[in-house]
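Chemist: give me coordinates for this.
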Amino acid sequence: MTGPQVAVLVPVHDQSAWLPRALDGLLAQEVSDWEAVVLDDGSPDPSAVTAVVTALGDPRVRLVAWPDNRGLGATLNAGLDAAAAPVVAYLPADDVWAPDHLTALLGALEDPAVALARSGLTEPADTPYAQLVQVAHRRTAHRWTERAELEADDLDRLHWSQVSAAGRTADTGRVTCTWTRHPGQRSRAIRESSDGGLNVFRSRYRVAQPLRFASTDSGEVDEVARYARFRDRAYAEPDGLSVLIVGELAFNPERVLALRERGHRLTGLWTSDGLGDSTVGPLPFGHVPDLDRDRWRDEVTRLRPDVIWAQLNWRAVPFAHAVRDAFPGVPFVWHFKEAPQRSMVRGEWPLLADLVTGADACLLATAEERDWFAGALRGRVDPARLGVLDGDLLKRDWLDAPLSPKLSDADGEPHTVLVGRPAGLDAGWLVDLARRGVHTHLYGRVRAPGPTGSWTSWLDEALAAAPDHVHLHPAVGPEDWVRELSQYDAGWLHRSSSDNGGDLRRASWDDLNSPARLPVCLAAGLPLLQPDHPGSLVSVARVLREDGTGLFHRSPDDVADALAGELATRSGGRAALAVRERYTFDAHADRLVELFGSIAR
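Modeler: Next up is the predicted model:
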């Protein structure tokens, strides 16, 4: 007696509402010689998954479940272990098969030279790799890549390329399945173009360990290597304040360890509505345990923190407000970086205003932002309770790296660098600079909506017109900032306009903000290229003039002239190295602790 011909793996996490539809499509298959394993990867509603499988009443369908999310790779490997059929097919709980799906796939696999068969989708997935629901393949000794090695949206990297190496890939030529687009998809949690990213993924699946993470929208991050120095560090038992960090930490999250180094106990309570670059816990560098966000009121009551330190950007406002409302008796510091204008657009200005006016102390990113809030909330807020501390300052540890030789010392031409989104740059600007001998090096391009992904509309044009002066590089992490970026002559800040005429009431987001790339470039000893806005109040322009670290411009000729002066004198670079310690979080940690102590009860 032979066993089933096809093993159908049905991964599910928090998708029980979709599962009956998927299993109905399975039961309707023309091919009936299959075994199916529903793989519940730590769903928050496990009883619902169990109920669906039990109600099915089909002995060909089994359930394998575990309480904690292990990731797609481990889930599918558990399915391979639980089933024995020689052909493996995939039916994610949120997708659907047409009745002839298995028929078409098995037909393609009748050719012994074919290792992997792929059907067509009713709606294209717009990815370079096949989706799970499309594929059936011969069972091989290969395993799915698991979370400890890599989390990625690219299924070629996780498994398909290994399987297909054993033979040919064949398309069935038929559309027999539906890949369902919805916000809960795993790939959307990974891809920045779908409002996902590393920290969205971490939050959704509550990943406790540092990640090796790859997104086809933005490249790779190895948190295991990046944060090893912090995870392995031993701290004395804390004997200072108990500080509850609420919200998200955006960039440079390891900065908070400066407080742990000073003997204070840190605990995290994170928003579930973050962005891919808005860091949430479990924090990959350790030493900051989390509270259970599903029971956060009970958890905060049990913790009894000395102070709540809520932060950082507009996405955190609603959750920070909820925590403040729930615990009005706990000393509360609201630390806000950007952007009140965004809160207004979202209809959350009343919540932000309540946070600023109701907090025991409020810290803003810049003096201009502080003065903006003091004016916008005149009569409601005591200006003496408003302080200034940029919330995205880097950890001082990253400065301990050697500087690299300048590229310009070798070729005599100025080399500039842009880290992150190319705010205000376009093909015409880069080509005009190239004509003047100025190189532009772009790091960390991300395919995402809005300004972050604006480069997709003009980058090819710039590369074609100035291939010798426009250069592309993968994202560079903090462990390499000093070594990698110090080879350049200047860094780009946002190329934005300002027409507030000296009136803060007319100030824009960019007028008030301090870009996160500012301390990064200063760490590498780079002066900053900044538009000149005579008559306007622009925070970063004021700071650059005070520090002597700005190269101001209004045209490509201005840029070329300013860079020529910098190459001749290196005065901006020397000024950057002179002030870079001040742009670390560690330099301000004692002042922050003093603030916490002054309001703790």
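
Chemist: who does the strand ranked longest in the chain pair up with?
Modeler: In the chain, with assignment by DSSP state E, the single longest strand is strand 168-178. Its sheet considered, strand 168-178 pairs with strand 96-97 (antiparallel), strand 114-121 (parallel) by DSSP bridges.

Chemist: which of these sits closest to residue 298?
Modeler: With C-beta to C-beta, the closest approach to residue 298 among the strands paired with strand 168-178 belongs to strand 96-97: 39.9 Å. Every C-beta, even on glycine, is put in place using the N, C-alpha and C of the backbone.

Chemist: residues contacting that closest one, please?
Modeler: 21, 22, 25, 26, 28, 29, 91, 133, 176, 177, 178, 180 (C-beta atoms under 8 Å, 6 or more residues apart in numbering).

Chemist: got these as TSV, with pLDDT, secondary structure and distance to residue 147 columns?
Modeler: Formatted as TSV, those follow (pLDDT from 0 to 100; DSSP: H, G, I helix; E, B strand; the rest coil; distance: C-beta to C-beta, whole Å):
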residue	pLDDT	secondary structure	distance to residue 147
21	97	helix	28
22	98	helix	24
25	97	helix	28
26	98	helix	27
28	98	coil	33
29	98	coil	31
91	98	coil	22
133	98	helix	21
176	98	strand	31
177	97	strand	26
178	97	strand	27
180	95	coil	24
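
Chemist: quick one, strands of the stretch 351-500 of the chain?
Modeler: 361-364, 386-388, 415-419, 439-443, 470-473, 490-492 (DSSP state E, counting those that start in this stretch).

Chemist: next SSE after the last one?
Modeler: Going down the chain from strand 490-492, the next helix or strand is helix 509-512, by DSSP states H and E.

Chemist: which helices and strands sit right next to the helix or strand that that next one is followed by?
Modeler: Following helix 509-512 in sequence order, the next helix or strand is helix 517-523 (DSSP H and E). In terms of contacts (3 or more C-beta pairs under 8 Å, 6 or more residues apart in numbering; DSSP states H and E), helix 517-523 is packed against strand 415-419, helix 481-485, strand 490-492, strand 528-531, helix 571-579.

Chemist: again, only using 10 Å
Modeler: Counting contacts by 3 or more C-beta pairs under 10 Å, 6 or more residues apart in numbering; DSSP states H and E, helix 517-523 packs against strand 415-419, helix 481-485, strand 490-492, strand 528-531, helix 539-547, helix 571-579.

Chemist: from the chain's centre, how far out does the fourth one sit?
Modeler: It refers to strand 528-531. Computed by C-alpha atoms, centre = their mean, to the nearest Å, the chain-centroid distance of strand 528-531 equals 26 Å.

Chemist: residue 402 - how many residues pack around it?
Modeler: Other residues near residue 402 come to 7 when the count uses other C-beta atoms under 10 Å.

Chemist: these two touch, right, it and residue 487?
Modeler: No: using C-beta atoms under 10 Å, residue 402 is not in contact with residue 487, being 11.3 Å away.

Chemist: now do the contacts for the nearest residue to residue 288 once chain neighbours are set aside.
Modeler: With sequence-adjacent residues excluded and distances taken as C-beta to C-beta, 6 or more residues apart in numbering, residue 288 is closest to residue 266, at 4.6 Å. Going by C-beta atoms under 10 Å, 6 or more residues apart in numbering, residue 266 touches 238, 241-245, 256-257, 259-260, 283, 287-289, 305, 309.

Chemist: list the buried ones in the stretch of helix or strand residue 245 belongs to?
Modeler: Using DSSP H and E, residue 245 sits in strand 242-247. For strand 242-247, the neighbour count (16 or more other C-beta atoms under 10 Å) marks 243, 244, 245, 246, 247 as buried.

Chemist: name the nearest residue to the fourth one, sequence neighbours excluded.
Modeler: Same thing as residue 246. Using C-beta to C-beta, 6+ apart, the nearest residue to residue 246 is residue 310, at 4.1 Å.

Chemist: quick check: that neighbour is in a strand.
Modeler: Yes: assessed by DSSP: H, G, I helix; E, B strand; the rest coil, residue 310 belongs to a strand.

Chemist: what's the neighbour count on it?
Modeler: Residue 310, neighbours per other C-beta under 10 Å, totals 26.

Chemist: for residue 112, same thing?
Modeler: Quick note: residue 112 (other C-beta under 10 Å) scores 9 neighbours.

Chemist: for it, what are its contacts?
Modeler: 138, 167, 168.

Chemist: if I look at the first one, how far off is residue 156?
Modeler: Remark: distance between residue 138 and residue 156 (C-beta to C-beta, to the nearest Å) = 17 Å.

Chemist: roughly how far does residue 164 sit from residue 140?
Modeler: 10 Å.

Chemist: any shared contact partners between these two?
Modeler: 115, 116.

Chemist: looking at the two, which is more packed in?
Modeler: The residue with more neighbours, out of residue 164 and residue 140, is residue 164; 20 against 17, by other C-beta under 10 Å.

Chemist: give me the pLDDT for the more buried one.
Modeler: Listed pLDDT for residue 164 reads 93.

Chemist: which ones are touching the nearest residue to it once chain neighbours are set aside?
Modeler: Computed as C-beta to C-beta, 6+ apart, the closest residue to residue 164 that is not its neighbour in sequence is residue 116, at 4.7 Å. By C-beta under 10 Å, 6+ apart, the contact list for residue 116 reads 88, 105, 108-109, 130, 134-138, 140, 159-161, 163-170.
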